[in-house]
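Peer 1: Any chance you can model this:
(chains A and B)
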Amino acid sequence: MFREAAIATLTITGVGILLHALIARGSRTPARGPGPCPPWARLLRGGSAIAVLACVLGLAVTGLYSRLVLNAALSGYLLIVHVSLGGGLAAALAVFAVAWAWDHGDLPGRRVCKAAFWLMVIAAIPAVLAVLLNMFPLWGTDWQGAVVEVHRVSALICTVCGAVWGYLTARGGVHRNGDTWKGTQA
Amino acid sequence: MASGLGPLYPNGAAFSIRTRPAFLQTYRLELLCAVVSNGAHGPDLQGSVNRLRRTVRQHRSTDTKTRLVVAGFALLLLPGPAQAQTGDEPDGSRARYVHAIPLYPEDRDGDKGFKITPDQTHPMPFSMRWSCSNCHDYDRIAKGFHFNSTDRSIRPGRLAQPWIYVDAGMGVQVPLSTRPWPQVYRPDQFGISLFDFVRRFGRQMPGGGPGETYAEDPNDPQARLSGRLEVNCLACHSADPGQDQGGAFGYADQVREGNFRWAATAAAGFANVKGSVRNAPRTYDPYAGPTGTLDPNSLPPITWYRREAFDDHNDVLVDLTKRIPNERCYTCHSNSVVQAEADRILADEDIHVASGLRCVDCHRHGIDHQISRGYPGQFEDPNHAWAAGLTCEGCHLSPGQPPLQEGARMGAPKPQHKGLPVVHFEKLACTACHSGPQPQDPAGRVKTSRAHALATTYAQKADPALPHILYPVFARQADGKIAPCKLIWPAFWATAQDGDEQVSPIPLNVVAPIAQRVLRRVPVPATNDWPALTDEMVKQILTALSKSDAVKGRPVYLCGGRMHRLDPQGQLTAKEHAAAAPLMWVAAHDVRPARQALGARRCEECHEPGSPFFFGRVPVDTPMVSGRRRFRPMADFHAIDVDRVRVFAWSFVFRPWLKAIGLAACTVLAVLALAFSGQVLFRVSRALSERGRD
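Peer 2: Next up is the predicted model:
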C-alpha cells in the first residue's frame, strides 16, 4: 500500500509543481534583496539549504528506488549510501532549521512555503528517530515493522515538503510583504 | 525328536524329504492355527501356505489330499480389502504397550521360521520382519526415510550428510550415498559393491535400504551366507539399557563382520552372538548350524538367548517405546566439535534437549516413518501438512493456520528479536544465528558419528582423523538464505573426457595397487590424518594409471577444489574444477540459547571488518602438500559482493557517531518546532484576548 501511495503522492507533487511553474510563470513575486546578515551567515543559510535539499533528494532516490522500482527491501550499496546521507541530512537539517526558522516565523505571507518548511522540519524528527531507535534493542519484530513504516511515511512527507519548499524558495525566496527586519534597512 | 526328523527341526527352517509325511502333518496343524489366529489374511497364513506349496512341489508323487488342502487355503488368499495391522492403528492411549511377543527367525526360503524357544540347540537370530509383522506392517515401515535410500521412486529430499569413504593410503575422501543427491557418488561408481558398502557403513545404518537391496538375488552366495540387514526396529524403539549398537560384539561389530542376519539379535539385550561369517566357508549353511569340532577362535556365527528372557509361553518381553530416548538417536547422529578439552567440557547440549525435549518431539512421523526433518517444504502432499508445525517457525512463531496456536508449542518461547532489522529474516535462515559453533576464522572442524564411527569399537578419536569436516561454513541455500553447513573437500582418482568436462571415478580396486606401490614409503599417521602426498607421487600415480588397461580416458586426481593432470610434457598441472568443488550440507544442531545467538550482544559480531561470519576463511583440505595452507573466503560461499560487505562493515565503525548526531539533530529540531508552536499559540492567545477586549 505504501508503494502505491508513494507513487501517487510523488506524482501529484511533481505535476503540481510543474503546473504551478507553467501557470504562475508571469506572476513571480520579486525576490527580496540580500538582508543585512553577514557573509558567513548567508553562506551558512545557503549551504545548509543546498545540503538539505541534496540529502533529501539522495535519500529519496535511494530509498524510494528500492521500494517503488525494485519492490524489495533496501540493501547493498543503496543502503550504505542511504544511511550515510541520513546522517548528513540530520546534521544539515539541524543547521538549516536554525538558520531558516526565523524567516518562516509568525510573520504573515508565503503560507505555503512556511507550511512546507515546518512540515519538513517536524516530519524529519520521526523519520530520523525511527531509524535511530531501531538500532537499539528496544522493540521486537512486530514493532520494528511498524517503526519502519513510520520512517517511510514521514520520509515521504519530508521529500514532498522539501520539493515544494525548494521550488518556492528558488522562485521567490522568503517575502515579507514589505516588512523589514528589525534594526535593518530594506 | 525322532531321528527321522534329523537335526534340522531345532532351528525350525529346514526339513528332510524322507520325513515328508510327518512334516506335512505338522504343516497342516500350523495352517489351522494360523487361520484361527490371523483370520483369512495375514503374513502367518501366507508364509505357511508358501511353505506347504514348496513341500508339495518337492514331493515327487502326488499327494492329492495335501494338494486339496493347499488349494483350499490358497483361495482364502484372494485379494480382499486392505486392512491396517493391529499395532498400526492407534487407540489414542499414551500408555506404553507391553510387548511380550514370540520371536521368529527367517527360514532359508525367506519366509517365517518356527518360533524361537530356549530349548533350541542352535537357534537362529530372530527376524524383525517376521517377529514384528504380526502387528505392524513391516513393508510400509521399510519405506520410511531411514530405510528407503535405495528406492528410486521417492524424492531424496534435501541433501543430508552422506557416507564418507576414506582411505588415507590412497588419498581418497569421497562422499557416497545410495540416494541420488547431487555431487554425491554411488558406491558402484568406485567399484564398491552394495554388500561391501553395507559392511563398511552399516554400523550406523538402521537396516533396510541397501542392507536388503544387496540380497535381492536369492542365488547370491554372500546373501545366503550373511543374510539381510533388515530394518532394525530396536535400534530406535528399544528402551532396554542393554541395547548395544556399538559395543564389542554389538550391532556395529556384527555388521562389520558381515553378520547381517545376526546384527539386530546381537544388539538386543536378551541375546548374544559370537563368531563371524568370515570364518565360515562360502558353502556354510547357517540354518544347519555348526557341525564337528569348533575352533573357538574361528567360529561361524552362533546365537544364544538368555533363558530367563523367555516367559512360560516362550514369549520374550521386548522393552519398546514410542518416546525414543535421545541416546538411540545419538548413536548415529552425534557431533563432536574439534576443540580444546576445556571448551569440550563447557560445551552444552542443544538448548531444546537441555530444556527437556527429546529428538522425537520435533522429528516425528506416523506409521509410515516419513520422519519430519525440520525444514520447510520437506513434504508436498497434504497428508504431511502437519510437518509445517515442526519447523523452527512452526513451533516458535506459528504459521497462523489452524489448529496451530500462536507459538509456544511445547513451551517454545516466541522470539522478540529486539533491535534486529527484519531484512535479516529474508537473508538468513534461523540456524545461521542460532545453530552450531560460533563462527571461527579459520573455520573449525567437527567429527560426526557416521563419518568417524563414533560410539563404536573402532571410533576415530584423534582430532585430525579423516574425514575432515569443516563446520560452520555459512553458505547460501537454494531458497536464497544463508545457513550454516558442514563441508568436505572430495579427493579421488578419476578419468576426464570431453575436454575435462565429464569426470568418472576410477574404481578403487584399480587405484589401490598402483597407489600403494607409490605411497608405501609414506606412512599414514597414527591419527589417520592425510599422509604427505607430494606432486611427484601424484605424477607417478597418474602416469601409472594412464598406462593401465583398466583406465579408459585421461586419469586425473581431484582434490582441494582442483583437478590435477599431466600435460603433454608429462608435467603435473592443476586447475579449478567443479568435480572437485566442496560438498556442503545444511546442519541445524546444536541450537544455542537465545543469548548466545549471533548478534544477540551487538551487531558488530557480524558487521565489523574481520568478523568470521563474513570475512572468515575456509581451509582447503587436501592430501597434497603443495596445496595445503590455502583458504577460500567465507564470502565466496555466501555468494555476495565481499567488497560491499566490507564497506558496510566499516560503516558500523561510525555508527555510534551517527546515533549521536541524529539524536542531537532531532533534539534541535524538536526544540525549534516547540518554539514555533509556542509562538503560534502565543499569537492565538493574544488574538483571542484582543477580541475579548473588543
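
Peer 1: which residue is nearest the middle of chain A?
Peer 2: A:Gly162 (2.9 Å; CA atoms, centre = their mean).

Peer 1: Sticking with it, tell me its helix or strand.
Peer 2: helix A:141-172 (DSSP states H and E).

Peer 1: same deal with B:Val538?
Peer 2: B:Val538 belongs to helix B:535-546, assigned by DSSP H and E.

Peer 1: For that helix, what is the distance to the chain centroid?
Peer 2: Put simply, helix B:535-546 sits 36 Å off its chain's centre (CA atoms, centre = their mean, to the nearest Å).

Peer 1: now do stretch B:565-585
Peer 2: 30 Å.

Peer 1: same thing with stretch B:317-335?
Peer 2: 14 Å.

Peer 1: Equivalent analysis for stretch B:620-631, please.
Peer 2: 29 Å.

Peer 1: quick one: buried residues of that stretch?
Peer 2: With burial defined by 16 or more other CB atoms under 10 Å in any protein chain shown, the residues of stretch B:620-631 counted as buried are B:620-624, B:627. Heads up, the C-betas are built off the backbone N, CA and C, glycines and all.

Peer 1: ok, which pair from those is furthest apart?
Peer 2: Within the buried residues of stretch B:620-631, B:Val620 and B:Pro623 form the most distant pair, 11.3 Å apart (CB to CB).

Peer 1: buried ones in stretch B:561-581?
Peer 2: B:561-566, B:572, B:574, B:577, B:579-580.

Peer 1: which regions of the stretch 251-400 of chain B sit below the pLDDT cut-off?
Peer 2: B:398-400 (pLDDT under 70).

Peer 1: Would you map the strands across it?
Peer 2: Assigned by DSSP state E, counting those that start in this stretch, the strands in the stretch 251-400 of chain B fall at B:271-274, B:302-305, B:316-318, B:335-337.

Peer 1: which residue packs closest to the residue in the stretch 151-300 of chain B positioned nearest to chain A, ignoring adjacent ones?
Peer 2: As assessed by CB to the nearest CB, chain A sits closest to B:Arg158 within the stretch 151-300 of chain B, at 25.9 Å. Leaving aside its chain neighbours, B:Arg158 sits nearest to B:Tyr375 (6.0 Å; criterion: CB to CB, 6 or more residues apart in numbering or on different chains).

Peer 1: so what's the one you found up against?
Peer 2: B:158, B:391, B:586, B:588 (CB atoms under 8 Å, 6 or more residues apart in numbering or on different chains).

Peer 1: what's the answer for B:Gln245, then?
Peer 2: Counting by CB under 8 Å, 6+ apart, B:Gln245 has contacts B:204, B:235, B:251-252, B:267, B:328, B:331, B:455.

Peer 1: can you rerun that using 7 Å?
Peer 2: Counting by CB atoms under 7 Å, 6 or more residues apart in numbering or on different chains, B:Gln245 touches B:235, B:251-252, B:267, B:331.

Peer 1: Out of the residues you listed, which comes closest to A:Leu89?
Peer 2: Looking across the contacts of B:Gln245 and measuring by CB to CB, the closest to A:Leu89 is B:Thr331, at 60.5 Å.

Peer 1: close enough to count as contact, that closest one and B:Gly247?
Peer 2: No - counting by CB atoms under 7 Å, B:Thr331 stays clear of B:Gly247, with 10.7 Å between them.

Peer 1: okay, these two: which has more neighbours?
Peer 2: B:Thr331 (22 against 16; other CB atoms under 10 Å in any protein chain shown).

Peer 1: got a list of what the more buried one touches?
Peer 2: By CB under 7 Å, 6+ apart, B:Thr331 lies in contact with B:204, B:245-246, B:449, B:455.

Peer 1: what's the burial count for the nearest residue to A:Ala6 once chain neighbours are set aside?
Peer 2: The shortest distance from A:Ala6 to any non-neighbouring residue, by CB to CB, 6+ apart, is to A:Leu156 (5.5 Å). Close neighbours of A:Leu156, defined as other CB under 10 Å, add up to 21.

Peer 1: which residues in chain A form strands?
Peer 2: Using DSSP state E, no strands are found in chain A.

Peer 1: Would you mind measuring from B:Pro612 to chain A?
Peer 2: The span separating B:Pro612 from chain A equals 21 Å under the rule CB to the nearest CB, to the nearest Å.

Peer 1: That residue contacts B:Gln440, correct?
Peer 2: Yes - at 5.5 Å, B:Pro612 and B:Gln440 qualify as touching, with contact defined as CB under 7 Å.

Peer 1: Looking only at neighbour counts, state which of those two leads.
Peer 2: Neighbours were counted for B:Pro612 and for B:Gln440 using other CB under 10 Å; B:Pro612 has more, 20 against 16.

Peer 1: Show the contacting residues for that one.
Peer 2: B:439-441.

Peer 1: again with B:Ile101
Peer 2: Contacts here follow CB under 7 Å, 6+ apart; on that basis B:Ile101 touches B:131, B:315-316, B:318.

Peer 1: Which of those are buried, as a PyMOL select command?
Peer 2: Listed next is the PyMOL selection for buried residues among the contacts of B:Ile101, using 16+ other CB under 10 Å:
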select buried, chain B and resi 131+316+318
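
Peer 1: So of the contacts of B:Ile101, which two are at opposite extremes in space?
Peer 2: Most distant of the contacts of B:Ile101, by CB to CB, are B:Ser131 and B:Asp315, 10.6 Å apart.

Peer 1: Tell me, how many residues neighbour residue 134?
Peer 2: This is for chain A. 20.

Peer 1: oops, I was thinking of chain B
Peer 2: Count around B:Asn134 with other CB under 10 Å applied: 19.

Peer 1: Go ahead and confirm B:Phe201 touches B:Trp163.
Peer 2: Yes - between B:Phe201 and B:Trp163 a contact is recorded at 4.6 Å, counting by CB under 7 Å.
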